[in-house]
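K.L.:
Next come a sequence and a model predicted from it.
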Amino acid sequence: MVVALISLALASAADVAVSPSGLTFTQGINSTIFSVTNTNPLELLNINFVNPTLTGETSYIVSFNTPSGNAADINNSESSARQFTLTPTSAIDYSKFFLGKDYPQGSLTVKNAANLSDNQTIPINIEKSFCDSGNLGTNLSISSVDISNDGEGDEDTWDPLDDIQIDVTVDNNNPTDGDRIDTNVEVGLYDSSGEELLNLDRVKLGKITANNDKSTTFTFKVPSDLDDGSYRLYIKAYKSGSESGLCTSKFESSDFRVISIERYSEEDRQVMFDEVSFDNNPVECGQEVILKAKVANVGDSDQEKVKVSLYNKELGIDSYQVLSNLKQDTTAKQIEFTFSIPQNITEKTYKLELKSLYDFNDDHPATEDDAYDQSSESLIESLQVQGGCAPVITPAAATQITATLSSDAIAGQDLTILASIKNAGTQTQTYTLLVSGIENFATLVNIAPQTVTLEPGRAQDVVITLKANADAEGDYTFSIKALSGGNVKEQPVSVTIQAKSTPFAGFSSLFSNIQGNWLIWVIVLVNVVLIILIIIIAVRIARK
């Protein structure tokens, strides 16, 4: 709706009273009626007029005829006010007016001919309808308009990038059963210069039967380049294929709804991201991915430079871009980050951090974070990695431990185990070495070295020294453990402990042997005695 408003200037009106308080011309209506009342019961009223003019685009002038009607001898006792009709000198060309724009003022002045200071001045409105040919017909009406805002603003105050939903209900007012109107609905947002700021698709409601209604929903995002100020929201419903015959743009007793746009003033909300997407999600290991996003200045100041970064440690992503001249009144700038998914990673959902730095201070190169005094809240985007990934070797599974006993294991003495730790994985690991399960036969003397860092494929020898308990004897098992992060690799080791030797150990052993084999030892002793006797007898015989 285009409104050319001629302001109301009230002067002394002892006898002249005019109604209504303003006159409106709309498309399809080339005349309007107003009434003049004489408020003085003692005198007749004669009036004259000062006619208005209105100026549209390209100096287009709308002039008006002197209102038609009897302007003489208006008395106070008339049962109704005297009526007059105001018409333009020629049909108004509404193409010379922009929807939503305010035009220079003009006014119609009604004067008391006997007292020129006794007058009233009323505004003249010219309204260009959102309907191409003006509001025509009465069978369609917009009965309900509900606005909801899922962003930071509310239904009548919008912030840049707010998500808006407009629910529109249209009625078929024709009481004739069987009447069906194939109906379309459109929504438009216009600024004070008449520029359309939202290009929303037309919605086809379909056929509405008599005395029934249908509803539809428009959803959109508030453009980021709108300035602070007042805007007009228009809605129209019309017969499909016949807007020039049946169309209405009236809702909530008006032809538009005033919407306020408020840009962000908070320092940490000057730059935001919009329309963030991956070209490939989910993605397989080894594939390339492109993240696309729009960077929008939604704040109340221009940004000389903006640094945008994308980060994820697990995927090895640490990239940035520097944008220049991101102004309030410019559309959002498109950015792209291209990266490849590593082959040997876990299949899961990864969180990527998208962040903007701004308020450039010129104290450092634009590529450095210190060159910016403000940053936005991080935007976290999820990327699903699924398929094509090589098996992931955990630190525990990738750790190999071998161990050999490099000294005798004797009760009461030190025993030495030579161990080897190998990293068979794909990433460098740091290991801490421990032993467990030695409490029953030994105590720990030393592990050298106890902490080792190994690159993939590398190994390290470790010397473990234990002191066997004095009473230890027999077979024992303990474990060597390699800790890396939260992972543990455990390797069992077996060892046989010999009892400690004593000076009488041989006799004791012999005595034990005799006890266990006494019959054999008796036979041996008898044979020894016999051999000795034979030798003695042989010697005596030889002497004789």
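P.N.:
Received, thanks. Numbering: from 1, shown residues only.

K.L.:
Which stretches in the chain count as helices?
P.N.:
Along the chain, counting by DSSP state H, helices occupy 505-516, 518-543.

K.L.:
Which of those has the lowest mean pLDDT?
P.N.:
In terms of average pLDDT, helix 505-516 trails the rest of the helices of the chain, at a mean of 51.

K.L.:
Report how many residues lie close to the nearest residue to N184 once chain neighbours are set aside.
P.N.:
In this structure, N184 finds its nearest non-sequential neighbour in S240, 5.1 Å apart by CB to CB, 6 or more residues apart in numbering. Glycine gets a C-beta too; all of them are placed from N, C-alpha and C. For S240, the count of nearby residues is 15 (other CB atoms under 10 Å).

K.L.:
list the contacts for A366?
P.N.:
K305, K307, V322, F360 (CB atoms under 8 Å, 6 or more residues apart in numbering).

K.L.:
and D279, what does it touch?
P.N.:
Contacts of D279 by CB under 8 Å, 6+ apart are V289, I290, K292.

K.L.:
run the last query once more with 6 Å
P.N.:
Contact analysis of D279 by CB atoms under 6 Å, 6 or more residues apart in numbering lists I290.

K.L.:
Relative to V528, how far out is it?
P.N.:
For D279, the distance to V528 equals 101 Å [CB to CB, to the nearest Å].

K.L.:
sorry, back to before: rebuild the contacts of A366 as JSON lines, extending it with pLDDT and neighbour count.
P.N.:
JSON lines is the format used below for the contacts of A366 (pLDDT from 0 to 100; neighbours: other CB atoms under 10 Å):
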{"residue": "K305", "pLDDT": "96", "neighbour count": "19"}
{"residue": "K307", "pLDDT": "97", "neighbour count": "21"}
{"residue": "V322", "pLDDT": "97", "neighbour count": "15"}
{"residue": "F360", "pLDDT": "96", "neighbour count": "19"}
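
K.L.:
from the residues you listed, which two are the most distant?
P.N.:
V322 and F360 (9.3 Å; CB to CB).

K.L.:
Overlap in contacts, these two.
P.N.:
Common neighbours of V322 and F360 (CB under 6 Å, 6+ apart) are K305.

K.L.:
about what we covered before: how about the contacts of A366 in JSON lines, adding distance to Q105?
P.N.:
Listed next are those as JSON lines, based on distance: CB to CB, whole Å:
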{"residue": "K305", "distance to Q105": "45"}
{"residue": "K307", "distance to Q105": "49"}
{"residue": "V322", "distance to Q105": "49"}
{"residue": "F360", "distance to Q105": "45"}
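
K.L.:
List just the nearest of the residues you listed to L533.
P.N.:
Here the nearest of the contacts of A366 to L533, counting by CB to CB, is K307; it sits at 114.1 Å.

K.L.:
could you list every residue that touches the closest one?
P.N.:
Y320, V322, L357 are the contacts of K307 under CB under 6 Å, 6+ apart.

K.L.:
Which residue is the nearest non-sequential neighbour of it?
P.N.:
L357 (4.3 Å).

K.L.:
which residues does that neighbour bridge with?
P.N.:
Taking DSSP bridges as the rule, L357 bridges to K307, S375.

K.L.:
That one is in contact with Q374, isn't it?
P.N.:
No: assessed by CB atoms under 6 Å, L357 is found out of contact with Q374, at 7.2 Å.

K.L.:
Pick out whichever of the two has more residues nearby.
P.N.:
Taking other CB under 10 Å, L357 and Q374 do not tie; L357 has more neighbours (23 against 18).

K.L.:
how much space between the more buried one and F273?
P.N.:
With CB to CB as the criterion, L357 and F273 are 13 Å apart.

K.L.:
Where does pLDDT dip in the stretch 101-250 of the chain?
P.N.:
177 (pLDDT under 70).

K.L.:
thinking again about what came up before, I'd say the residue nearest to N184 and D182 touch.
P.N.:
Yes: the criterion here is CB under 6 Å, and S240 meets it with D182 at 4.2 Å.

K.L.:
For burial, what's the neighbour tally of the residue found closest to I92 once you drop the neighbours it is linked to in the chain?
P.N.:
Distances taken as CB to CB, 6+ apart place V62 nearest to I92, at 5.6 Å, with adjacent residues excluded. For V62, the number of neighbouring residues by other CB under 10 Å comes to 23.

K.L.:
What's opposite V62 in the beta bridge?
P.N.:
In beta-bridge terms (that is, DSSP bridges), V62 pairs with L54.

K.L.:
Same check on S277?
P.N.:
S277 has these beta-bridge partners by DSSP bridges: K292.

K.L.:
Now do it, the pLDDT please.
P.N.:
Model confidence at S277 (pLDDT) stands at 96.

K.L.:
Quick check: it vs P160, distance?
P.N.:
From S277 to P160 the distance is 20 Å (CB to CB).

K.L.:
can you count the residues close to the residue lying closest to E473 once chain neighbours are set aside?
P.N.:
With CB to CB, 6+ apart as the criterion, E473 has its nearest non-adjacent residue at 4.6 Å, and that residue is A499. By other CB under 10 Å, 14 other residues sit near A499.

K.L.:
same question, V529
P.N.:
10.

K.L.:
For it, which residues are in contact?
P.N.:
No contacts exist for V529 under CB under 6 Å, 6+ apart.

K.L.:
Next one: it relative to I536, how far apart?
P.N.:
Counting by CB to CB - V529 and I536 are separated by 11 Å.

K.L.:
Please apply the same query to T109.
P.N.:
Taken as CB to CB, the span from T109 to I536 is 173 Å.

K.L.:
out of these two, which sits in the more crowded spot?
P.N.:
Using other CB under 10 Å as the criterion, T109 and I536 rank with T109 on top: 17 against 10.

K.L.:
Dig out what the nearest residue to L226 once chain neighbours are set aside forms beta bridges with.
P.N.:
Excluding its sequence neighbours, the residue lying closest to L226 (CB to CB, 6+ apart) is I261, at 4.7 Å. As for beta bridges, I261 partners with W158, G229 under DSSP bridges.

K.L.:
neighbours around I261, how many?
P.N.:
21.

K.L.:
Same question for S230.
P.N.:
Neighbours around S230, by other CB under 10 Å: 11.

K.L.:
same question, T248
P.N.:
25.

K.L.:
before we move on, what about K333?
P.N.:
When neighbours are counted by other CB under 10 Å, K333 comes out with 17.

K.L.:
give me every residue that touches F25.
P.N.:
Residues in contact with F25 (CB under 6 Å, 6+ apart) are I126.

K.L.:
Tell me the predicted confidence for the most centrally placed residue in the chain.
P.N.:
Note on the chain: the residue nearest the mean C-alpha position is L379, at 5.7 Å, using CA atoms, centre = their mean. Looking at L379, its pLDDT reads 94.

K.L.:
And it, how close does it get to I341?
P.N.:
20 Å.

K.L.:
Same question for N423.
P.N.:
Using CB to CB, N423 is found at 24 Å from I341.

K.L.:
How much space separates the residue nearest to the centre of the chain from P456?
P.N.:
L379 is 35 Å from P456, where distance means CB to CB.

K.L.:
A366 too?
P.N.:
For A366, the distance to P456 - CB to CB - is 38 Å.
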